[in-house]
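J.: pasting the sequence and the predicted coordinates here, then a few questions.
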Amino acid sequence: YSEANRNTAAQVFYIVRRGKACLGLNRNECPYTAEDLALLADTVVATEMAGFDIDARETNRDLGRWGWEQDGDGCCGFDLASPTALKHWTLFVDILHDEVEAANATFLAEVKWKMEEYIDKYIE
């Protein structure tokens, strides 16, 4: 994903979060209906599931995937590029947890496992 795609994803996550918060307050002036928000959330989940590869690395051959670490120096593990992917997936799980779990609980477990792995590597 390009930087523009990453920014767009973060903006869409923000829209979903704001929509859920507004609907959760039972306001009549929310910008989206519950049905619109559910459709958006389901579309986002499907799109993100299609772009996730638990083994992806941020190399030229994986530009269509969210990579977890750079591979330019032959190193692996948590590096300077890892926070971008970790931020993306943390927001994704935080905002869309219930929708992801309903769509594919195994996928949710894989994302959580990958995040835990890199958090542990960072702490080490």
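T.: Sure, I can see it.
J.: rest of the way, CA atoms for contacts and neighbours
T.: OK.
J.: contacts for stretch 26-40?
T.: 16, 19-20, 22-23 (Cα atoms under 8 Å, 6 or more residues apart in numbering).
J.: mind doing that once more with 10 Å?
T.: By Cα atoms under 10 Å, 6 or more residues apart in numbering, the residues outside stretch 26-40 that reach it are 12-13, 15-24, 41-46, 99.
J.: ok, and for that stretch, which residues are buried?
T.: With burial defined by 16 or more other Cα atoms under 10 Å, the residues of stretch 26-40 counted as buried are 30, 32, 37-38, 40.
J.: quick one on the thing from earlier: out of the contacts of stretch 26-40, which are buried?
T.: The buried subset of the contacts of stretch 26-40 - by 16+ other Cα under 10 Å - is 12-13, 15-20, 22-23, 41-42, 44-45, 99.
J.: those in helices, which ones?
T.: Mapping the buried ones among the contacts of stretch 26-40 onto helices (DSSP state H) picks out 12-13, 15-20, 22-23, 41-42, 44-45, 99.
J.: and the furthest pair within those residues?
T.: Across those, the longest distance by Cα to Cα is 20.2 Å; it joins C22 and V45.
J.: average pLDDT across stretch 11-22?
T.: The predicted model assigns stretch 11-22 a mean pLDDT of 94.
J.: put the alpha carbons of that stretch into CSV.
T.: Provided in CSV are the C-alpha atoms of stretch 11-22 (Å, rounded to 0.1, in the frame of the first residue of the first chain):
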residue,chain,number,x,y,z
GLN,A,11,-9.4,8.4,7.5
VAL,A,12,-12.0,5.7,6.8
PHE,A,13,-11.3,4.2,10.3
TYR,A,14,-11.9,7.7,11.7
ILE,A,15,-15.2,8.0,9.9
VAL,A,16,-16.4,4.6,11.2
ARG,A,17,-15.3,5.5,14.8
ARG,A,18,-17.1,8.9,14.7
GLY,A,19,-20.2,7.3,13.2
LYS,A,20,-20.3,4.6,15.9
ALA,A,21,-19.8,7.3,18.6
CYS,A,22,-22.6,9.4,17.2
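J.: quick one: contacts of that stretch?
T.: Counting by Cα under 10 Å, 6+ apart, 5-10, 24, 26-34, 36-38, 40-41, 44, 88, 91-92, 94-96 sit against stretch 11-22.
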